[in-house]
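Engineer: sharing a model that was predicted from the sequence below.
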Amino acid sequence: MMSLFESLGGKTLPVDNLQTMLGRFQQFKQAFTGDPQQQVQQLLNSGRISQSQLNQAVQMAQQLQKLLK
């Protein structure tokens with residue numbers, strides 16, 4: 001399974017092109033299977049992401065939600 005960051009082009013988000021980012025997110029969303037909370041917990045448990053990285057991603061998601069409303 002491809003992670004959200006991988007599907008968005010790596011560790012940086014293409015904020016200069018919102019349409020590209022939204023399109024890639026839609027592709028990721030359509031391909032995602034399973035329980036999101038379980039997937040995130042597995043990433044934390046395995047050390048693939050840190051709590052700090054998760055916190056940052058949550059903040060970014062909340063900011064995007066505000067922009068898209």
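Structural biologist: Received it, and whenever you're ready, just let me know what you need.
Engineer: burial count for residue 40?
Structural biologist: 15 (other C-beta atoms under 10 Å). (Glycine included, C-beta is placed from N, CA and C.)
Engineer: tell me how far it lies from residue 20.
Structural biologist: Going from residue 40 to residue 20 by C-beta to C-beta, to the nearest Å gives 24 Å.
Engineer: host element of residue 41?
Structural biologist: helix 36-46 (DSSP states H and E).
Engineer: how far off centre is whatever helix or strand residue 30 lives in?
Structural biologist: Element membership of residue 30, judged by DSSP H and E, is helix 18-31. Centroid separation between helix 18-31 and its chain, computed with C-alpha atoms, centre = their mean, to the nearest Å, is 10 Å.
Engineer: show me which residues of that helix are buried.
Structural biologist: For helix 18-31, a neighbour-count test (16 or more other C-beta atoms under 10 Å) marks 21, 24, 28 as buried.
Engineer: so what does it touch, helix or strand wise?
Structural biologist: helix 4-7 (3 or more C-beta pairs under 8 Å, 6 or more residues apart in numbering; DSSP states H and E).
Engineer: give me the neighbour count for residue 64.
Structural biologist: Per other C-beta under 10 Å, the neighbour tally for residue 64 reads 16.
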